[in-house]
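> Need coordinates for the following:
(one chain, ligands or ions: 1)
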Amino acid sequence: MMSNIRVRFAPSPTGPLHIGGLRTALYNYLFAKKHNGVFILRIEDTDQSRYVDNAEEYIINSLEWCGIPFDEGPGKNEKVGPYRQSERKKLYKEYVDILIEKERAYYAFDTSEELNAHRKQHEAVGKTFIYNWHNRQKGRLKNSLVLTKEETRIKIEKGDNYVIRFKTPQDKTLLLKDEIRGSITIDSNTLDDKVLFKSDGMPTYHLANIVDDHLMEISHVIRGEEWLPSMPLHVLLYDAFEWETPKFAHLPLILKPEGKGKLSKRDGDKLGFPVFPLEYTNEESGEVSLGYRESGYFPDAFINMLSLLGWNPGTEQELFVLEDLIAAFDLSRVSKSGAKFSLNKTKWFNQQYLQKKTNAQLAELYLTILKNKLPQPLPSKDYIKNVVSLIKDRAVFVKDFWSLSNYFFERPEEYNEKAVKKQWKEDTGILLNELIKVFVSINDFSSESIEKMTKEWISSKEIGFGKVMQPLRLAIVGEMKGPHLFDIIHMIGKEEAILRMKIIIKKLS
Ligand code: GLU
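All right, here's what the predicted structure looks like:
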């Protein structure tokens, strides 16, 4: 059954979606799903100067990739749409007129030059200019509170530029409640009379946001901490309209790895990790920003990592698939303080999700890489599956597979120089030649029997294991890496193993 819980993610389409914004979307989604509510996407595109063409599409694709699709939004279940503020323009004028009518808002005609002059004068005497109760009616400012109704009307008709400002109540103590931060007390006299509407017909963020949250019947406003300073105004606006106020929850910042300040794109560039879910190309500058998807992260691992940046389940559990997150999520366990981003932790999550996948799933993913690396026909799916099973515990990403397993698919073309120096002795060639004969004699070429026969032969020669095993690895792999050597030899097969031994003997002896 649907509940009355309705939440919205309300990004401004000004560029790619930062992971902080995505986490806001995720918490809204989790909260909605937990309470059988509705998760709405609203595009806040009233600031045309910052509008970026492909940003809305980017946002929608990001939500989709993360597996947290919206229930209502542009082009989907448009019950209380439109969901783009630019398409709701007409509405806002109607509502700001209600505030004028109720004398909770007023016209102000001060030009930006005049306001700048006021600011400068204040600065000169060490003060800050705030447009509010203490000066709005003193005659130095030009607004409908000091002009007569007739004067105001004439100015508007003449086409003078104006803004409509909120008339912040004087001498009021505001008691605000945030679901995460608890009670907050604000003295209304410290607030300025924010602009709600401009003569170009566009509302500001504050007006549009409140009108839309009301009309879309939003029950909980869950958003980033940077909007906390706007909360008093928003609560006052609900009061002025005599509308029911939604509940508010302001989420903590995602901090730089070193802990101070908001995680920025610059931090990501510096340390080589993405701060955006999907790769993004700036159409003007051509600059490409890394994406989690393109960097090889699994969406469920990414979401799991993100969920714990600011929320904790109250237990030690760290691995949560989306369903578990929905069940465990609770606003009361969202922290007030910022959450430090950690690249190592982020990789750890991906590694965990990679290990959880079946070998068949991983082989399927690996196949798309192998198609570009190897000539046709490709090795069988079973072969790839077996390779994956031997090397996956060393991988963080599927893209790591190739460098961990290339020798299963192709002969080494060169040998690690350092290792050659250390492992290749005068008698090594002779020993490997003898070992070739041992290999020829093995009928059951399983990993176990190759191991058994090889070890028996080494014992009979009364030499150290390393004397044979190290150069043998060099012959098969090309360097001193890889899983259990006999597993590799079994996989590539008798003929290929012998060939690789012959090649190295020829090259190095
Ligand atoms: N458009 C605002 C943003 O870009 C929305 C803030 C809010 O959720 O109220 O973050």
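
> Now do the same contact list for the residue of the stretch 51-200 of the chain found nearest the ligand.
Scanning the stretch 51-200 of the chain for the residue nearest the ligand gives Gln85, at 8.8 Å (criterion: C-beta to the nearest ligand atom). Yep, even glycine has a C-beta here, placed from its N, CA and C like the rest. The contact partners of Gln85, by C-beta atoms under 8 Å, 6 or more residues apart in numbering, come to 42-46, 203, 208, 212.

> Ser112 - how many residues pack around it?
By the criterion of other C-beta atoms under 10 Å, Ser112 has 8 neighbours.

> And it, how far from Ser230?
From Ser112 over to Ser230 the distance is 22 Å, taken as C-beta to C-beta, to the nearest Å.

> now Arg42
If you measure Arg42 against Ser230 using C-beta to C-beta, the figure is 16 Å.

> out of those two, which sits in the busier spot?
More neighbours surround Arg42 than the other of Arg42 and Ser230, with 26 against 17 (other C-beta under 10 Å).

> Where does the stretch 201-350 of the chain get nearest to the ligand, which residue?
When distances are taken as C-beta to the nearest ligand atom, the stretch 201-350 of the chain approaches the ligand most closely through Arg223, which lies 3.5 Å from it.

> Pull the number of nearby residues for the nearest residue in space to that residue that is not next to it in sequence.
Closest residue to Arg223 in three dimensions, ignoring its sequence neighbours and counting by C-beta to C-beta, 6 or more residues apart in numbering: Thr24, at 5.9 Å. For Thr24, the neighbour count with other C-beta under 10 Å is 22.

> again with Thr368
Using other C-beta under 10 Å, Thr368 has 9 other residues around it.

> Please shift the residue numbers so they start at 44 in all later answers.
From this message on, residue numbering opens at 44, which makes the last subject Thr411.

> Strands of the stretch 194-343 of the chain, start to end?
For the stretch 194-343 of the chain, the strands defined by DSSP state E, counting those that start in this stretch cover 206-209, 216-221, 225-230, 238-241, 263-267, 290-294, 297-298, 323-324, 331-332.

> So which of the ones you listed is the most surrounded?
Among those, judged by mean count of other C-beta atoms under 10 Å, the one packed with the most neighbours on average is strand 206-209 (a mean of 24).

> what comes up buried for stretch 274-289?
If you call a residue buried by 16 or more other C-beta atoms under 10 Å, then stretch 274-289 has these buried ones: 274-280, 283-284, 288-289.

> ok, and which of the contacts of Gln128 reach the ligand?
Checked against the ligand using C-beta under 6 Å from any ligand atom, the contacts of Gln128 give the following subset in range: Glu87.

> Take the contacts of Gln128 and keep only those in helices.
Secondary structure assignment by DSSP state H places 251, 255 of the contacts of Gln128 in helices.

> now the contacts of Gln128 in CSV, with pLDDT?
Compiled in CSV, the contacts of Gln128 are given as follows (pLDDT from 0 to 100):
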residue, pLDDT
Arg85, 98
Ile86, 98
Glu87, 97
Asp88, 95
Thr89, 91
Pro246, 96
Ala251, 98
Asp255, 98
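
> Export the contacts of Gln128 as TSV, with columns for distance to Lys303.
What follows is those, written out as TSV (distance: C-beta to C-beta, whole Å):
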residue	distance to Lys303
Arg85	32
Ile86	32
Glu87	29
Asp88	33
Thr89	33
Pro246	36
Ala251	33
Asp255	35
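
> Of the contacts of Gln128, which is the nearest to Thr171?
For these, the closest approach to Thr171 (C-beta to C-beta) belongs to Pro246, at 26.0 Å.

> Setting aside sequence neighbours, what's the nearest residue to that closest one?
Residue nearest to Pro246 in three dimensions, not counting chain neighbours: Tyr135, with 3.8 Å by C-beta to C-beta, 6+ apart.

> Name all residues that make contact with the one you found.
Contact partners of Tyr135, counting by C-beta under 8 Å, 6+ apart, are 240, 245-246, 250-251, 254.

> Kindly recompute the last result at 7 Å.
Taking C-beta atoms under 7 Å, 6 or more residues apart in numbering as the definition of contact, the neighbours of Tyr135 are 240, 246, 250-251, 254.

> now Ser226
With contacts defined as C-beta under 7 Å, 6+ apart, the neighbours of Ser226 are 218, 220.

> returning to what we had before: just to check, the residue nearest to Arg266 is in contact with Arg51?
No - if you go by C-beta atoms under 7 Å, Thr67 and Arg51 don't touch, sitting 10.3 Å apart.

> about what we covered before: the residue nearest to Arg266: which element?
With the criterion set as DSSP states H and E, the secondary-structure element containing Thr67 is helix 62-77.

> Does that helix pack against any helices or strands, and if so which?
strand 49-52, strand 81-84, helix 98-109, strand 263-267, strand 297-298, helix 342-350, helix 365-371 (3 or more C-beta pairs under 7 Å, 6 or more residues apart in numbering; DSSP states H and E).

> okay, those, which one's buried deepest?
That would be strand 49-52, which, of the helices and strands packed on helix 62-77, has the most neighbours on average (mean count of other C-beta under 10 Å), namely a mean of 26.

> Would you mark the buried spots in the helix or strand of the chain with the lowest mean pLDDT?
Counting by mean pLDDT, DSSP states H and E, the weakest-scoring helix or strand in the chain turns out to be helix 308-314, with a mean of 91. Within helix 308-314, the residues that qualify as buried by neighbour count (16+ other C-beta under 10 Å) are 308, 310-311.

> What's the local residue count around Asn232?
When counting by other C-beta under 10 Å, one arrives at 15 neighbours for Asn232.
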